[in-house]
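Engineer: For reference, the sequence and a predicted model appear below.
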Amino acid sequence: MLAIAILAAGKGTRMKSSLPKVLQELSGITIIERVLNSCNSLKPNKTFIIVGHESMKIKEKLRHSQNLTFVNQIPQNGTGHAIQQLLPILENFQGELLVLNGDVPLLKENTIGNLIKKHRSSKADVSILSARILNPKGYGRVFSDNNGNVDKIIEDSDCTENELKNNLTNAGIYCFNWRKLKEVLPNLSDTNKQKEIYLTDAIQLLELSVHYETDDPEEVMGINDKWQLSICEEIHQKRLRVHWMKKGVKFINPPSSTISDKCIFGKDIVIEPNTHLRGEVLIGNNSHIGPNTLIENSSIGNNVFVIYSIVKNSIIGNNVEIGPYAHIRPESNIKNNCKIGNFVEVKKTKLDENSKVNHLSYLGDSEIGKNVNIGAGTITANYDGYKKHITSIGNNSNTGANSVLVAPINIGTNVTIGAGSTITKNVPNGSLGISRAKQLTKPNWSSKHNPNQ
Ligand code: UD1
Ligand code: MG
């Protein structure tokens, strides 16, 4: 029987934020969700989240996660006090209790598995995950003998100068024999610098404590402030990029780009500098993204070029060119062989195959057919001040430069719209739609009006 407790009640004062520490995001996913994901495969009988400070926000964020039991810790008197809250709930529990600090998001599933294995083979009362850290400031120090038996953990703030030299640190992840822990939990005290009840003090009260040392100190990094958050972000981003580079994605200047856990890449893809892919992003084969591009929750087809542009919540087909300086806003669907060029904004618009919007246009709430050429500066006037309206343009039509299409409006197939027109009435198939003042040319006008001539 395995129960898991994730500690997430603390104030996170050092984060200096109105958002609880465990709800800070690391590459788009909250710290607490990452901790939960790291023990996904363990299939525990029960998972407890200890909450206190801003508990409603944490419960709300995790409302879709299954089989979680929230336990309130009020007030928050330390990590030992947090686990004391489980005493009445786990009164008759007989198994192991895996405790995870809610602020250690980079742990690998495999490492937790190894800790549990070590715990089972050593038959210890507690097994502690430890790491040797180059600069261990802020971490509790683990004091063990040569056989790996742990005598005590001393918090950084309670260490003597000599004790601070020990760089074997406590990761804040422990596997306890619950029956043994529950005997000693009530005896923890708060006689320390921070006047808190430390879970780490249980070690001295238990008979056999061992530690499992990970050889990757990066994964046990705890996040207490924005600086540590940024370091973890860097580590995580590097892991993601290395993963995809090994699968064949080419990054030009990798550290300048960021990607999410939910990106999926095809073959022979190039990611140019300063490219940022957020949320669920799918990139097809032979596509070339960036430089200076942001793509969020979108699917990009094969052989697509996107340069200096933004694409959000949209679907882009194959052989499409986007940019420079294009903005594809949500719910757009750009089909194969289209081109969206310089300074073009597209919103909630379907552009069917082989159509082009090359320069300086706005297409909003539009349905554009196949083989359509949208002339430079064409604007769909989709908003009447109250409601949004639809513009539809049929196959093989062209709009002249600087046309304004006042929606709702229906432009048929094979239509030409004259340059500089403001079109307010539907234009049937095969017609020319033009609405501009006729040009008046007055010969010899300058000589009459210019006194110097
Ligand atoms: C803790 C450990 C330290 C270890 C480090 C690893 C203790 C006493 N110290 O220190 O040995 O090296 O983690 O990152 O355990 N929390 C509660 N209730 C509370 C206080 C804290 O649920 O009353 C939660 C916090 O929300 C956080 C976790 O426990 O998720 C750890 O608390 P934190 O204050 O960050 O402890 P550290 O000082 O980092
Ligand atoms: Mg911490």
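Structural biologist: Okay, I see it. Ligands and ions are numbered 1, 2, ... in the order given.
Engineer: going forward, measure contacts and count neighbours with C-alpha atoms only.
Structural biologist: Noted.
Engineer: As a check, name the ranges of all strands in the stretch 351-453 of the chain.
Structural biologist: Shown for the stretch 351-453 of the chain, the strands assigned by DSSP state E, counting those that start in this stretch span residues 356-359, 362-364, 366-368, 373-374, 379-381, 391-393, 398-399, 404-406, 409-411, 416-417, 422-423, 432-433.
Engineer: I'd like these as a markdown table, with mean neighbour count, distance to ligand 1 and mean pLDDT appended.
Structural biologist: Formatted as a markdown table, those follow (neighbours: other Cα atoms under 10 Å; distance: least, Cα to the nearest ligand atom, whole Å; pLDDT from 0 to 100):
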| stretch | mean neighbour count | distance to ligand 1 | mean pLDDT |
| --- | --- | --- | --- |
| strand 356-359 | 24 | 51 | 98 |
| strand 362-364 | 24 | 46 | 98 |
| strand 366-368 | 23 | 48 | 98 |
| strand 373-374 | 25 | 55 | 98 |
| strand 379-381 | 24 | 51 | 98 |
| strand 391-393 | 23 | 52 | 98 |
| strand 398-399 | 26 | 59 | 98 |
| strand 404-406 | 23 | 55 | 98 |
| strand 409-411 | 23 | 57 | 98 |
| strand 416-417 | 24 | 63 | 98 |
| strand 422-423 | 22 | 61 | 98 |
| strand 432-433 | 18 | 66 | 98 |
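Engineer: mind putting these in CSV, distance to residue 19 included?
Structural biologist: Listed next are the strands of the stretch 351-453 of the chain as CSV, based on distance: least, Cα to Cα, whole Å:
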stretch, distance to residue 19
strand 356-359, 42
strand 362-364, 36
strand 366-368, 39
strand 373-374, 46
strand 379-381, 40
strand 391-393, 43
strand 398-399, 50
strand 404-406, 45
strand 409-411, 47
strand 416-417, 53
strand 422-423, 50
strand 432-433, 56
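Engineer: Scan the helices and strands of the protein for the one with the lowest mean pLDDT.
Structural biologist: helix 445-449 (a mean of 88; mean pLDDT, DSSP states H and E).
Engineer: For this protein, list the residues in contact with ligand 1, please.
Structural biologist: When proximity is defined by Cα under 6 Å from any ligand atom, the chain lies next to ligand 1 at 7-10, 50, 76-79, 82, 101-103, 139-140, 155, 169-172, 198-200, 222, 224.
Engineer: Go through those residues and flag which are in strands.
Structural biologist: Judged by DSSP state E, the residues of the chain next to ligand 1 include 7, 8, 50, 101, 169, 170, 171, 172 as members of strands.
Engineer: With residue 344 as the reference, measure out to residue 329.
Structural biologist: 11 Å (Cα to Cα, to the nearest Å).
Engineer: Just want to know which of those two has more residues nearby.
Structural biologist: residue 344 (25 against 19; other Cα atoms under 10 Å).
Engineer: Do I have it right that the more buried one meets residue 361?
Structural biologist: Yes - counting by Cα atoms under 8 Å, residue 344 does reach residue 361; the two are 4.7 Å apart.
Engineer: quick one: the nearest residue to residue 383 once chain neighbours are set aside from ligand 1, how far?
Structural biologist: Sequence neighbours aside, residue 389 is the residue nearest to residue 383 in space, at 6.3 Å (criterion: Cα to Cα, 6 or more residues apart in numbering). Going from residue 389 to ligand 1 by Cα to the nearest ligand atom, to the nearest Å gives 49 Å.
Engineer: residues touching residue 389, list them.
Structural biologist: By Cα atoms under 8 Å, 6 or more residues apart in numbering, the contact set of residue 389 is 365, 382, 383, 407, 408.
Engineer: ok, those vs ligand 1, which is closest?
Structural biologist: Taking Cα to the nearest ligand atom as the measure, ligand 1 sits nearest to residue 365 out of these, at 45.8 Å.
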